[in-house]
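>>> Everything below, folded, please.
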Amino acid sequence: MRSQLLMSMENHDGIVIFATNLIENYDQAFLTRLICIEMKRPNREARQQIWRNHLCPAEDGVASVHIPLASDVNLERLADYDFCGRDIRNAVKRACIMTVLRKQPQVTQAVLDEACRKTRSELDAIDRARNGQFHVATGSKREALHQSLSGYHEKA
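Numbers count the residues shown, from 1 in each chain. Alright, predicted model coming up:
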């Protein structure tokens, strides 16, 4: 597959854009054919805007999805979570699903915080696995880990 990709790149006259958070997994032959641009993690202000984009209706009043938010939702507090845009999107989706499964009428700050903690826990587990810090879970710990990683097996 890699050889085919390299040959296709050599024969292509246009621009190709790749995105990855695992650049260390690519070999030198592949990397020498690229111009790499590192995208930094968003700062606090950018994270707050990303949260706003996911949770709040557009300024023109047209939003593709309307999320019913409780009055206690605090975008400044949510921006404290050191997440990239994908992590924020995943936390919002998780919070919405948790809200529906719990039959709550609105997404609250508490549910968003819980979704963020679960998202952070998953990211930490992935980092530990990348660093070779594996932990074999058994019994109830194994079930808890399975529920956490599958993300959406909440008890209604």
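>>> number of nearby residues for Ile23?
11 (other CB atoms under 10 Å). For glycine as for every other residue, the C-beta is placed from the backbone atoms N, C-alpha and C.
>>> Next: Asp127.
When neighbours are counted by other CB under 10 Å, Asp127 registers 10.
>>> residue closest to the middle of this structure?
Nearest to the geometric centre of the chain sits Asp87, at 2.1 Å (CA atoms, centre = their mean).
>>> for the top helix by length along the chain, packing partners?
The single longest helix within the chain, with elements called by DSSP state H, is helix 109-130. If you count contacts as 3 or more CB pairs under 8 Å, 6 or more residues apart in numbering; DSSP states H and E, helix 109-130 packs onto helix 75-78, helix 85-101, helix 139-150.
>>> returning to that earlier point: nearest residue to the residue nearest to the centre of the chain in space, please, no chain neighbours.
Thr119 (5.6 Å; CB to CB, 6 or more residues apart in numbering).
>>> pLDDT score for the one you found?
Per-residue pLDDT puts Thr119 at 96.
>>> about what we covered before: and the helices and strands packed on helix 109-130, which one is worst for confidence?
helix 139-150 (a mean of 55).
>>> any idea which helix or strand of this structure has the worst average confidence?
Lowest on mean pLDDT, DSSP states H and E among the helices and strands of the chain sits helix 139-150, with a mean of 55.
>>> you'd agree Asp80 is in a helix?
No: applying DSSP: H, G, I helix; E, B strand; the rest coil, one finds Asp80 to be coil, outside a helix.
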